[in-house]
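Enquirer: requesting a structural model of the entry that follows:
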Amino acid sequence: FAVSILLSVAAIGVLIGAAPASAATHHDDVQPCIANHPLPTQLKLSGVDATLIFSPRGGGEKLIVQAIDAAQHSILVQAYSFTDRHIFDALGRAERRGVEVKVILDKSDTQRYRQWPSVASRLAAMNIPVWIDDTLETAHNKVMIIDGTDVITGSSNFTYAAEYRNAENLLYLRNATQLAQAYSQDWEWRRGCSRKFAG
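Expert: Numbering: from 1, shown residues only. From the prediction side, this is the model:
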């Protein structure tokens with residue numbers, strides 16, 4: 001079916017060949033990380049398979065884990081709150097089988113969670129590159145881009161509460177290459193505004 005979506009991402013660069021905004025950004029120069037955000041655009045998507053899940057207990061956690069386990073080449077992640085051990089473990093499995101996994105986290109994910117080390121340090125210990133997007137008050141994105149063709153997004157953080165306790169929505173779009181390219185450009189812009197996590 002066809003899906004029409006308004007995106008505040010770098011799809012303008014995808015559609016007209018403009019240079020990505022990340023080329024002009026630096027971690028110590030906050031302004032480009034605010035003012036030079038990608039412009040909104042509209043994409044008309046055909047041939048896209050979409051799954052929409054509502055929580056609590058809608059099955060979003062299982063869907064995300066299955067998507068990660070099916071990844072063959074790459075997974076780009078942007079996460080705000082990230083405490084779901086099943087999703088965390090799935091990313092580790094993907095990295096071990098040779099999938100290129102890269103993660104951008106909010107600064108809150110550098111803190112310990114209960115008795116556990118921080119998500120940032122746990123991911124880094126699994127040889128997954130991690131960046132901390134701390135130039136803004138909150139890095140609130142919840143996005144996974146899988147194999148350059150599939151996108152997972154929605155209100156759901158990657159947490160146990162999002163699956164079992166909260167009212168949330170999760171959207172999984174497959175065979176959406178143009179959409180994935182737009183989200184990937186936004187991912188690169190935010191990485192340019194982030195600092196590499198050193199452990």
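Enquirer: what's the burial count for the residue nearest to residue 134 when sequence neighbours are not counted?
Expert: Leaving aside its sequence neighbours, residue 134 sits nearest to residue 107 (CB to CB, 6 or more residues apart in numbering; 4.2 Å). Every C-beta, even on glycine, is put in place using the N, C-alpha and C of the backbone. Using other CB atoms under 10 Å, residue 107 has 17 other residues around it.
Enquirer: do the one 5 residues further on as well
Expert: Taking other CB under 10 Å as the neighbour definition, residue 112 ends up with a count of 10.
Enquirer: now swap in residue 134 and tell me
Expert: By other CB under 10 Å, 18 other residues sit near residue 134.
Enquirer: what of residue 31?
Expert: 10.
Enquirer: and it, how far from residue 38?
Expert: For residue 31, the distance to residue 38 equals 15 Å [CB to CB, to the nearest Å].
Enquirer: and for residue 87?
Expert: Separation of residue 87 from residue 38 (CB to CB): 26 Å.
Enquirer: before we move on, what about residue 142?
Expert: For residue 142, the distance to residue 38 equals 17 Å [CB to CB].
Enquirer: what do you get for residue 184?
Expert: 11 Å.
Enquirer: surely the residue nearest to residue 134 touches residue 140?
Expert: No. The criterion here is CB atoms under 8 Å, and residue 107 misses it with residue 140 at 11.7 Å.
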